[in-house]
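Chemist: Provided below are the primary sequence and the corresponding predicted coordinates.
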Amino acid sequence: MKSFNYKARFNDILNHRQGINFMLDYGGDQAAISIFAYKKVLESMGLNIKPRINSFVQLSALPEDEFLKKYDIGFRWLYPGSSKRTIELKEEYNNAFNFDIDDEIKKGYVQGGSDKYFIDEWGVKWQRSAYYFEMVKHPLQGKSFDEIKNYKFPDPDDVLRFKDLKNQLKDYYRENENYVISLSQSYGGILETALWIRGFMDFYMDLASKTKESEFLLDSITEYFIAFNRNYLAAVSGDVDILAIGDDYGMQDRTIMDPDLWRKTIKPRYKKLIESIKNKYSHIKIFHHSCGAIKPIINDLIEIGVDILNPIQPAAKDMDPAGLKKDFGNKITFHGGIDIQHLLMEKTPEEIKKEVFKIINILACDGGYIVAPSHNIQANTPVENIFAFYDAVLDFQQNLK
């Protein structure tokens, strides 16, 4: 039996082939399902297994093969392995890293934090709170410029991060040589990493004041990610379709900083990062994540080489899918767009199906659309609504045949 050619469909989408062209995705740490909700999904499918975590901080779940095949999902995601430093930290913070998933799911929402915490390889402290691990300490907060310069970054050349990727890739291609393969983001983005290690207040003050601290941190983080992604892609000989990067530039009603400040400080560094990838691997499509109301900078992202924009948060200001399709639909591919804030949380399965059909008809017209939730599906989303979303996509797909 010949394997379905998902790569061909993916190319039709990216090249905006005439007609209704789309694919469904589940993967990375921006289009998954919370482990708290995914446990119910697995039980509803008759699978008596624990969710597997793809993002420890977000407590989101890896998809099981049964789920991927049920919904004809042709994307497969690869994730970097743990670094030597992370392995050492896992041993040091054994209480947090080795918690029992079923116990945590039963515990559910954690009010005001818990005793479970860890420090990541960048030095950021994370504590189990609500349905996630939330950052509670920033290693460079309040530090001098000399202390910032002398702070030790993770090693982008640590071979442990990449040693299993080639074999994982072979396993995917052995199953279907035409899967669309994506490399997941390894950490926060250039801006987020600066915020996380310096502290939000300190870094935004640095940025607004045009200090040497902000310039040094942004340049150093950019160089780190250039080196990391060079090794990441080399580990799979560039034989993948997508590399995911990203930051958060948007709030619910505006960009997180003035667009002109973003253009002066963040945009040129992402341009440098993306060029370092595409100069060697011109076929690689750049998937860029940013939540929120980011319409004022979408053209800028297109200009610096972003091919796929995630997560298209329709409840945010000016992020209405019809408007985005009209303004940018022939220049970029959208990934996401199915609202997790209100639609999947509050509406009925019938209302969800109607809205999913509407969004696909808008965004998939002449390609340029990968169907996915507008971020990870949240912990307390009704399980029947999760199935209503995925079933609606499958129904729409079958009705096209």
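Modeler: Received it, and whenever you're ready, just let me know what you need. The shown structure was predicted, so the numbers you read here are calculated from the model rather than taken from an experiment. Numbers count the residues shown, from 1 in each chain.
Chemist: CA atoms for contacts and neighbours, from now on please.
Modeler: Fine.
Chemist: state which helix of the protein is the longest.
Modeler: helix 212-235 (DSSP state H).
Chemist: export that one to CSV, keeping only CA atoms.
Modeler: C-alpha atoms of helix 212-235 as CSV (Å, rounded to 0.1, in the frame of the first residue of the first chain):
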residue,chain,number,x,y,z
LYS,A,212,24.7,47.9,27.1
GLU,A,213,23.1,45.2,29.2
SER,A,214,20.2,44.7,26.7
GLU,A,215,22.5,44.9,23.7
PHE,A,216,24.9,42.3,25.1
LEU,A,217,22.2,39.9,26.2
LEU,A,218,20.3,40.1,22.9
ASP,A,219,23.4,39.6,20.8
SER,A,220,24.7,36.8,23.0
ILE,A,221,21.4,34.9,22.9
THR,A,222,21.1,35.4,19.1
GLU,A,223,24.6,33.9,18.7
TYR,A,224,23.6,31.0,21.0
PHE,A,225,20.5,30.1,18.9
ILE,A,226,22.5,30.4,15.7
ALA,A,227,25.0,27.9,17.0
PHE,A,228,22.3,25.7,18.5
ASN,A,229,20.2,25.5,15.3
ARG,A,230,23.3,24.9,13.2
ASN,A,231,23.9,21.8,15.3
TYR,A,232,20.3,20.9,15.4
LEU,A,233,19.9,20.8,11.6
ALA,A,234,23.3,19.2,11.1
ALA,A,235,22.3,16.3,13.3
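Chemist: now for it, which elements pack on it?
Modeler: Packing contacts for helix 212-235, counted by 3 or more C-alpha pairs under 8 Å, 6 or more residues apart in numbering; DSSP states H and E, involve helix 145-149, helix 190-198, helix 200-208, helix 267-278.
Chemist: avg pLDDT for the strand or helix carrying Phe396?
Modeler: Assigned by DSSP states H and E, Phe396 belongs to helix 383-400. Averaging pLDDT along helix 383-400 gives 96.
Chemist: just checking, what packs against that helix?
Modeler: In terms of contacts (3+ C-alpha pairs under 8 Å, 6+ apart), helix 383-400 is packed against helix 35-44, helix 343-346, helix 349-363.
Chemist: format the ones you listed as a markdown table; extra columns: mean pLDDT and distance to Gly337.
Modeler: Listed next are the helices and strands packed on helix 383-400 as a markdown table, based on pLDDT from 0 to 100; distance: least, C-alpha to C-alpha, whole Å:
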| stretch | mean pLDDT | distance to Gly337 |
| --- | --- | --- |
| helix 35-44 | 98 | 20 |
| helix 343-346 | 98 | 11 |
| helix 349-363 | 98 | 7 |
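Chemist: for Ile308, find the nearest of the ones you listed.
Modeler: Among these, the nearest to Ile308 by C-alpha to C-alpha is helix 349-363 (12.9 Å).
Chemist: hmm, who's touching the closest one?
Modeler: For helix 349-363, the surrounding residues in contact (C-alpha atoms under 8 Å, 6 or more residues apart in numbering) are 20, 22, 321-322, 325, 329, 334, 337-338, 343-344, 369, 371, 384-385, 388-389, 392-393, 396.
Chemist: filter those residues down to the buried ones, PyMOL style.
Modeler: In PyMOL, this line selects whichever of those come out buried by 16 or more other C-alpha atoms under 10 Å:
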select buried, resi 20+22+321+325+329+334+337+338+343+344+369+371+385+388+389+392+393
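Chemist: still on that earlier bit, what sits up against the longest helix of the chain?
Modeler: The contact list for helix 212-235, computed with C-alpha under 8 Å, 6+ apart, reads 80, 145, 148-149, 156-157, 162-163, 165-166, 190-191, 193-194, 203, 206-207, 239, 269-270, 273, 276-277.
Chemist: which of these are buried?
Modeler: Buried, going by 16+ other C-alpha under 10 Å: 80, 145, 148, 156-157, 162, 165, 190-191, 193-194, 203, 206-207, 239, 269-270, 273, 277, out of the contacts of helix 212-235.
Chemist: what comes up buried for stretch 212-222?
Modeler: By neighbour count on 16+ other C-alpha under 10 Å, the buried set for stretch 212-222 is Glu213, Ser214, Leu217, Leu218, Ser220, Ile221, Thr222.
Chemist: for Asn54, state which of those residues is nearest.
Modeler: Minimum distance to Asn54 across those is 23.4 Å, recorded for Ile221 (C-alpha to C-alpha).
Chemist: that closest one and Lys70, how far apart?
Modeler: Ile221 sits at a distance of 40 Å from Lys70 (criterion: C-alpha to C-alpha, to the nearest Å).
Chemist: so where do the strands sit in the stretch 1-150 of the chain?
Modeler: Ranges of strands in the stretch 1-150 of the chain, per DSSP state E, counting those that start in this stretch, are 22-24, 33-34, 53-55, 60-61, 75-78, 117-119, 125-129, 132-137.
Chemist: and Lys40, which of these is closest to it?
Modeler: Here strand 33-34 is closest among the strands of the stretch 1-150 of the chain (C-alpha to C-alpha), at 10.3 Å.
Chemist: mean confidence score for the closest one?
Modeler: On average, the pLDDT along strand 33-34 is 98.
Chemist: tell me which other helices or strands that strand touches.
Modeler: Helices and strands in packing contact with strand 33-34 are listed as strand 60-61; criterion 3+ C-alpha pairs under 8 Å, 6+ apart.
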